[in-house]
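S.K.: Sharing a model that was predicted from the sequence below.
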Amino acid sequence: MNPNRRSKTGATFAPLVRNQVQLITYVDRLSGGGFRALHALLRGPFAGLFGGVHALPFFHAIDGADAGFDPIDHTRVDPRLGDWDDVRTLSADVPVMADLIVNHMSADSPQFRDYSARGAASPYADLFLTADRVFPHGASEAELRKIFRPRPGAPFTTVTLANGETRRLWTTFTPQQIDIDVRSPAGAEYLTSILQQFQRSGVAMIRLDAVGYAIKQPGTSCFMIPETYEFISALTAQAHALGIEVLVEIHSYHRDQIAIARRVDRVYDFALPPLVLHALFNRTARGLKSWFAISPRNCLTVLDTHDGIGIVDVGADPADRTGRPGLIPPAELDALVERIHANSRGASRQATGAAANNLDLYQVNCTYYDALGRDDRAYLTARAIQFFAPGIPQVYYTGLLAGENDLALLARTKVGRDINRHYYTPPEIDAALARPVVRALFDLIRFRNTHPAFAGEFAVAETPEHQLHLTWRAGPQHATLEIDLAANTAVITATRPDGTTETRDLGGTR
């Protein structure tokens, strides 16, 4: 499952991420504090659960326009969470993943403030991407229509600098997030400085955040174009030279995701979350079986993330006018979204699309537990499918505690994604740990971490459409998940070290 393999740069590369369940979390929203509090959780009630932890942006500052994804200083830990010594201490116990936010930085960064004050005389003048650098003669309507956008509207913001000059800046996400010219010397130096800080602090793996948008080329979609692949390869080689593994985060059409996976260390399996919901809602494993036949094996599997439940990953290709079909037909995908809204009692509708101030075109904002109507049996079945799917499982902190939608936080911030970004207090964590569904999930995580079969080969049995049988086998050791969607049953059968067999019924929590 996790052998040494040849990297995209040609050298033999030993993966640093363990073939065990990984945690993804905001440091302060789970621990109620900083890195030391998170470390205490991992050593205490979460001991034995995680082979690695992805600490979502912990840089100065964590409370900007995009929850840390708009860093003012990417090389500084937000002092409310600790410092780089705390990161290094945590990494000595468990491999740590950090975000390399490739595409942009905050308009409040010292680099942009200097550029705003001095204009062309600033040493950072080439760090920030302007529209005329990509389109020196202006962009035609046809060229603008080709640009792939994660948000509605044009990807530019006209800004009057502090020195009085006007610039049309490239802002892919929000006006507060200024795009970097990653191909400029200043851009390359900026990214190198972050990588070097990560290496000094023991970071084992980086996620290239928003890297699909990093290269802009006139006449193209400016998203995952050939030049983007070249840039990712070069950045990956640089990370490998520092002993750091690379995960590429791309939400895109599923066939493109497969192609991307062949060229990078690891990708996310973003198709899995809606496919699992589709299977449980419609009592058919058709979509899951089709996907498992072709899905990337070098992936991290997820059900929930700090973003929403992706739709673009299973839909028809939005960039192809010939209509390449998706993994879920359009009518069924629309019904799936409506089922999430119904299961969440309308909360997800309040947090998605035009209802929230961060327009999310390709996702539904909702906790996975609420998407399943807070049904413990369905939730544990979904997690079992994730843990048996090809790849290394990653569990989001609210999902770990079977968290519910945070309507109070949504009402306070008006940010749709905050519905799934609850701030847990220590008493709330203690209460969650006492719930049967959470205890059962912890047992399932420990089983996935320790059973030797998951280091072997994966197979999907030929079964009727309403059944799903997934098996891992390594020599005499094997583990099988048998789900009957029509009967609403899920059972794990697995060998013990002594050769005998044990059975786990996932329906015992209600």
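M.R.: Sure, I can see it.
S.K.: sec struct for the most far-flung residue of the chain relative to its centre, please.
M.R.: Of all residues in the chain, G164 has its C-alpha farthest from the mean position, at 39.5 Å, by CA atoms, centre = their mean. Classification of G164 using DSSP: H, G, I helix; E, B strand; the rest coil returns coil.
S.K.: Offset the numbering so it begins at 22, please.
M.R.: Taking 22 as the first residue, the last one we looked at is G185.
S.K.: who's in contact with it?
M.R.: G185 sits next to no residue when contact means CB atoms under 8 Å, 6 or more residues apart in numbering. All C-beta spots, glycine's among them, are computed from the backbone N, C-alpha and C.
S.K.: repeat for I406
M.R.: Contacts for I406 (CB under 8 Å, 6+ apart) come out as 293, 297, 300, 309, 489, 491, 502, 504.
S.K.: The third one is in contact with A306, isn't it?
M.R.: Yes - judged on CB atoms under 8 Å, A300 makes contact with A306 at a distance of 5.3 Å.
S.K.: Pick out whichever of the two has more residues nearby.
M.R.: A count of neighbours by other CB atoms under 10 Å puts A306 above the other of A300 and A306, at 27 against 23.
S.K.: If we ignore the residues flanking it in sequence, what's nearest the more buried one?
M.R.: L489 (3.9 Å; CB to CB, 6 or more residues apart in numbering).
S.K.: For beta bridges, what are the partners of the one you found?
M.R.: Judged by DSSP bridges, the bridge partners of L489 are I504.
S.K.: for it, what are its contacts?
M.R.: Contacts of L489 (CB under 8 Å, 6+ apart): 300, 306, 309-310, 406, 481, 502-504, 506.
S.K.: Let's see which of the residues you listed end up in helices.
M.R.: Among the contacts of L489, DSSP state H puts 300, 309-310, 406 in helices.
S.K.: Now tabulate those in CSV and tack on distance to D427 and pLDDT.
M.R.: Supplementary listing: the ones in helices among the contacts of L489 in CSV, determined by distance: CB to CB, whole Å; pLDDT from 0 to 100:
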residue, distance to D427, pLDDT
A300, 27, 98
L309, 29, 98
K310, 35, 98
I406, 26, 98
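S.K.: Would you tell me which one of the residues you listed comes nearest to D397?
M.R.: Minimum distance to D397 across those is 15.2 Å, recorded for I406 (CB to CB).
S.K.: returning to that earlier point: how about the residue farthest from the centre of the chain, phi and psi?
M.R.: Phi and psi for G185, reported as degrees, to the nearest 10, are phi 90, psi -10.
S.K.: per-residue pLDDT, it?
M.R.: On pLDDT, G185 comes in at 96.
S.K.: For it, give its distance to S143.
M.R.: 14 Å (CB to CB, to the nearest Å).
S.K.: got it, and T213?
M.R.: Noted for T213: a distance of 19 Å to S143, by CB to CB.
S.K.: Compare neighbour counts for the two and give me the winner.
M.R.: Each of T213 and S143 has its neighbours counted (other CB under 10 Å); S143 has more, 20 against 13.
S.K.: Surely the more buried one touches D135?
M.R.: Yes - using CB under 8 Å, S143 is in contact with D135, at 4.9 Å.
S.K.: Any chance of the backbone angles for Q384?
M.R.: phi -150, psi 160.
S.K.: And for it, the neighbour number?
M.R.: Neighbour tally, Q384, other CB under 10 Å: 24.
S.K.: can you pull the contacts of the closest residue in space to I271 that isn't next to it in sequence?
M.R.: With sequence-adjacent residues excluded and distances taken as CB to CB, 6+ apart, I271 is closest to G233, at 4.9 Å. By CB under 8 Å, 6+ apart, the contact set of G233 is 244-245, 249, 270-271, 273.
S.K.: With that, I have no additional questions.
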